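# give me the fold of what follows.
(one chain, ligands or ions: 1)
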Amino acid sequence: MQPIALTERGRTDPSQAALPVPFFSQAVSFERIWPEVERHLTEVTGRGKYSHGHKVAEFERALAGYTGARHAVAVNSGTDALVLLLRAAGLNPGDEVVVPAFSFVASASSVVLAGGRPVFADIDPVGHGLDPASVAAAITPRTRFVMPVHLFCQMADMDALSAIATDNGLTVVEDSAEAIGMRWNGRHAGLLGAGGVLSFFPSKTLGALGDAGAVLTDDDRIAETVAALRHHGRFGATLGDFRKISTQTSMPGQNSKMDDIQAAVLLTKLGRLGADIARREELAEAYTERLTGAPGILRLPTVVPRDAATNPVYYVYLIEVEHRDRLAEFLARRGIGTETYYPVPLHRQPCFAEFGLLEGAFPHAEAACRHALALPLYPDLTMEQVDYVCATIRAFAEEEAA
Ligand SMILES: *Cc1c(COP(=O)(O)O)cnc(C)c1O
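Residues are numbered from 1 along each chain as shown. This next block holds a predicted model:
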């Protein structure tokens, strides 16, 4: 088997005037891990089961080991993981789920796809997690779930949110799609309530070579139901033993299975996740050092002090700046890729227009959407590239001042 063609992006000579910095690249690290991926793939082709096969079961066991989850159920994306988790956790048609107005659209669209109704709440402007006071204000007699989303580098305030859930009889389901490696008092993200999800979209901290995701839960019944729902609603598909899959469909399910080629990549990368997370932290600290005090920057990533023991994991390095779109454009013209996480508050997305929420409903979410810009951050990034990005951001500020 030949290694895939690798590009030269991400290791360009830093002395060049225009140093290209893609928003995301894994070409260099993929070249390094290829031999191990290939060994896994040789087993896959040898066994001849390419979807939802033994490599997927092996990855599920490794992921459960890493996170400490009683069950890690592999699926095809973080989005389907959310839909299946909500269904398995007992969402009934019309049930309300409190979700943040500032998140990736899947946090709320998954609720609609599972038959529920998203009800929005504002965020804490510093840590970007659900604001507990705003959640409390959003609760109605129809509210059944609250969905904290852990964005960028840290978890939402799980002590406060769990207390509100307990007081109001709500189930906590975590959108921990970005939160692999994050822990709250030793418990991995996704395991603070009924369950949570992980996304393995390529740019995520643990990224596949395409789409993939997982549900994490300590609840046997939820794990078994997600495992059935990902496989057309056929029970018995649970956790590794595919020979026991029922031919009876007990509930209408989906085809949300993980491919073994993704499991092979993920299994390999999971073994290096600690080193990848440490590299991300090193790069994030370098950004912070170089950007502190730069004009035009409203906020650098700020880890909120908590009573609980928490650990930041830098999935995204998100800055908030005065003239976001102009800066993004300035960087793009100099070969630097950025992303806008997230451009539109969820209550202003056309697909949720029926809820009739106006501009001004969630000021912190709206401000974040106006000012937030994600800079390139991935293990392949070099310090020279970080220097170049930061120098270019400062050059922008000078040009604006002139
Ligand atoms: C990435 C992401 C998702 C969706 O995951 P996919 O694997 O892309 O479907 C959901 N929620 C959040 C917060 C995410 O960052």
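# can you name the element that comes right after the one helix or strand residue 40 maps to?
Per DSSP states H and E, residue 40 falls inside helix 27-47. Using DSSP H and E, the helix or strand that follows helix 27-47 in sequence is helix 54-67.
# coming back round to it: and the helix holding residue 40, what does it pack against?
helix 54-67, helix 260-270 (3 or more CB pairs under 8 Å, 6 or more residues apart in numbering; DSSP states H and E). For the C-beta atoms, the positions are set from N, CA and C on the backbone; glycine is no exception.
# can you give me how far that helix is from the chain middle?
24 Å (CA atoms, centre = their mean, to the nearest Å).
# what's the answer for stretch 62-78, then?
Centroid separation for stretch 62-78 versus its chain: 14 Å, with CA atoms, centre = their mean.
# and that stretch, anywhere near the ligand?
Yes: applying CB under 6 Å from any ligand atom, one finds stretch 62-78 touching the ligand at 77, 78.
# mind listing what's buried in that stretch?
62-64, 66-67, 69, 71-78 (16 or more other CB atoms under 10 Å).
# let me see the contact set for whichever residue of the stretch 51-200 of the chain sits closest to the ligand.
Closest to the ligand within the stretch 51-200 of the chain is residue 78: 2.5 Å, counting by CB to the nearest ligand atom. Residue 78 makes contacts with 106, 177, 197, 198, 199, 200, 201, 204, 213, as judged by CB atoms under 8 Å, 6 or more residues apart in numbering.
# what's opposite the closest residue in space to it that isn't next to it in sequence in the beta bridge?
Using CB to CB, 6 or more residues apart in numbering and skipping residues adjacent in sequence, the residue nearest residue 78 is residue 199, 2.7 Å away. Residues in a beta bridge with residue 199, per DSSP bridges, are residue 213.
# number of nearby residues for residue 199?
Using other CB atoms under 10 Å, residue 199 has 30 neighbouring residues.
# that one touches residue 81, doesn't it?
Yes: counting by CB atoms under 8 Å, residue 199 touches residue 81, with 7.4 Å between them.
# who in the stretch 151-300 of the chain is up against the ligand?
Applying CB under 6 Å from any ligand atom, one finds that the stretch 151-300 of the chain approaches the ligand through 175, 177, 178, 199, 201, 211, 213.
# can you tell me which of these is nearest residue 280?
residue 178 (12.1 Å; CB to CB).
# residue 370 against residue 324, yeah?
Yes: counting by CB under 8 Å, residue 370 does reach residue 324; the two are 6.7 Å apart.
# before we move on, the earlier item: pick the most deeply packed of the helices and strands packed on helix 27-47.
helix 260-270 (a mean of 24; mean count of other CB atoms under 10 Å).
# let me know the average pLDDT across that one.
The average pLDDT within helix 260-270 is 97.
# give me the low-pLDDT residue ranges for this structure?
For the chain, the stretches flagged by pLDDT under 70 are 1-19, 237-245.
# can you rerun that using 90?
The chain contains residues with pLDDT under 90 at 1-19, 48-52, 233-251, 353-360, 400-402.
# can I see the domain layout of it?
6-28+272-401, 31-270 (automatic domain parsing).
# straight-line length of the longest one, end to end?
The one in question is domain 31-270. End-to-end distance of domain 31-270 (CA to CA, to the nearest Å): 16 Å.
# check the offset of it from the chain's centre.
Its chain's C-alpha centre and that of domain 31-270 lie 10 Å apart, by CA atoms, centre = their mean.
# returning to that earlier point: turn the residues of the stretch 151-300 of the chain next to the ligand into TSV, including secondary structure.
Below are these laid out as TSV (DSSP: H, G, I helix; E, B strand; the rest coil):
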residue	secondary structure
175	strand
177	coil
178	coil
199	strand
201	coil
211	coil
213	strand
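# thinking residue 123 is in contact with residue 365, fair?
Yes: at 5.4 Å, residue 123 counts as touching residue 365 under the criterion of CB under 8 Å.
# overlap of the contact sets of those two?
In contact with both residue 123 and residue 365: 100, 101, 102, using CB under 8 Å, 6+ apart.
# for residue 365, pull up the helix or strand it's in.
Secondary structure assigned from DSSP H and E places residue 365 in helix 363-371.
# same deal with residue 226?
Going by DSSP H and E, residue 226 is part of helix 220-229.
# that older thread, comparing the domains of the chain, which comes out most buried?
Highest mean neighbour count among these (mean count of other CB under 10 Å): domain 31-270, a mean of 21.
# name the SS class of residue 98, please.
Following three-state DSSP, the label given to residue 98 is strand.
# one step back: let's have the shared contacts of residue 123 and residue 365 in JSON lines, adding distance to the ligand.
Formatted as JSON lines, the shared contacts of residue 123 and residue 365 follow (distance: CB to the nearest ligand atom, whole Å):
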{"residue": "100", "distance to the ligand": "9"}
{"residue": "101", "distance to the ligand": "13"}
{"residue": "102", "distance to the ligand": "10"}
